[in-house]
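Trainee: Generate a structure from the sequence data that follows.
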Amino acid sequence: MILAAGVRLRGLWESITEPRHMKAAFFVLYVVTIGTGFVTLLVPPTSIAGELGQPLSVTWAVFWLLGGFGGALTVFPGWWWAERLSIVLVWAGFGIYAFVVLSLHFTSSGSRLTQLGVIFIASGVGYVRWLMIRKYTFEPRST
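Mentor: Model (predicted):
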């Protein structure tokens with residue numbers, strides 16, 4: 001039974017076109033984005049949601065949910081036009097979050113620059129993926 005499961009997993013892994021490891025890594029990042037969107041939607045950060053209102057945190061959470069879900073669905077089949085749209089949705093969520101953090105940096109006590117830096121790093125991961133898939137609408141397949 002364990003051997004059969006291993007064979008099935010190996011077959012599933014082999015069905016992913018190259019570069020498998022990169023696609024799997026981005027899939028995991030999209031799943032983390034979905035999880036972050038759910039957590040933010042259900043339990044928004046109080047220091048931010050309390051100051052600027054619930055609707056704003058719901059907005060960036062929804063962008064993360066939609067972008068993460070779209071990215072997770074499109075990364076393996078290579079529907080790059082849809083994955084790029086998903087990246088833009090994730091960026092929109094990060095953009096709103098960055099705006100809120102920057103506003104709080106200037107209007108509340110303490111520094112928010114570390115948060116802002118982490119937001120830019122996370123957005124940069126999406127930019128790397130964008131650069132990888134920007135040339136085509138669909139992943140080119142070898143025949």
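
Trainee: residue ranges with poor pLDDT in this protein?
Mentor: Applying pLDDT under 70 to the chain flags the ranges 49-53, 142-143.

Trainee: Looking at the protein, which helix is longest?
Mentor: Longest helix in the chain by number of residues (criterion: DSSP state H): helix 80-107.

Trainee: Any buried residues in the helix or strand just after it, and which?
Mentor: For helix 80-107, the succeeding helix or strand toward the C-terminus, using DSSP states H and E, is helix 113-133. Neighbour-count burial for helix 113-133, counted by 16 or more other C-beta atoms under 10 Å, picks out 115-116, 119, 122-123, 126, 129, 133. (Each C-beta comes from the backbone N, C-alpha and C, glycine too.)

Trainee: now swap in stretch 13-25 and tell me
Mentor: 16, 23.

Trainee: now the longest helix of the chain and helix 113-133, what's the angle there?
Mentor: Put simply, helix 80-107 runs at 160 degrees to helix 113-133, going by axes from the mean of the first three to the mean of the last three C-alpha atoms, to 10 degrees.

Trainee: how about helix 80-107: buried residues?
Mentor: Under 16+ other C-beta under 10 Å, the buried positions of helix 80-107 are 80, 82-84, 86-87, 89-94, 96-98, 100-101, 104.

Trainee: which strands and helices sit next to it?
Mentor: The helices and strands touching helix 80-107, judged by 3 or more C-beta pairs under 8 Å, 6 or more residues apart in numbering; DSSP states H and E, are helix 20-42, helix 46-52, helix 54-74, helix 113-133.
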